[in-house]
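1. Just a sequence and a predicted model for now, questions to come.
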Amino acid sequence: MSKKTALFFSIIGVLFLILTGIALSYQKSLLALSFLFLSFFTVGIGFMVKAKIRKKNSP
């Protein structure tokens, strides 16, 4: 995985975690739960992309 792609997935995942904290501070539980789910989903997709690229490049 290129560094730009890894940086993209990590920034988006951290952004969703920050939004989770903001939603919790405004006591919006459902919104916070959805942002938390999106952060885990984004990080999971990043790991899947990394594994697919690693598998493609292995001999």
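-> Nice, thanks for sending it over.
2. Let's test this: mean pLDDT of the longest helix anywhere in the chain, rounded?
-> Secondary structure of the chain per DSSP state H: the longest helix is helix 29-57. The average pLDDT for helix 29-57 rounds to 95.
3. Which other helices and strands does it contact?
-> helix 3-25 (3 or more Cβ pairs under 8 Å, 6 or more residues apart in numbering; DSSP states H and E). All C-beta spots, glycine's among them, are computed from the backbone N, C-alpha and C.
4. Just the buried positions in the helix it packs on, please.
-> Within helix 3-25, the residues that qualify as buried are 9, 12-13, 16-17, 19-20, 23, counting by 16 or more other Cβ atoms under 10 Å.
5. Same question for stretch 30-50.
-> Within stretch 30-50, the residues that count as buried by 16+ other Cβ under 10 Å are 32, 35-36, 38-39, 42-43, 46.
6. got a list of contacts for that stretch?
-> 1, 5-6, 9-10, 12-14, 16-17, 19-21, 23-24 (Cβ atoms under 8 Å, 6 or more residues apart in numbering).
7. same thing with stretch 15-29?
-> By Cβ under 8 Å, 6+ apart, stretch 15-29 touches 31-32, 35-36, 38-39, 42.
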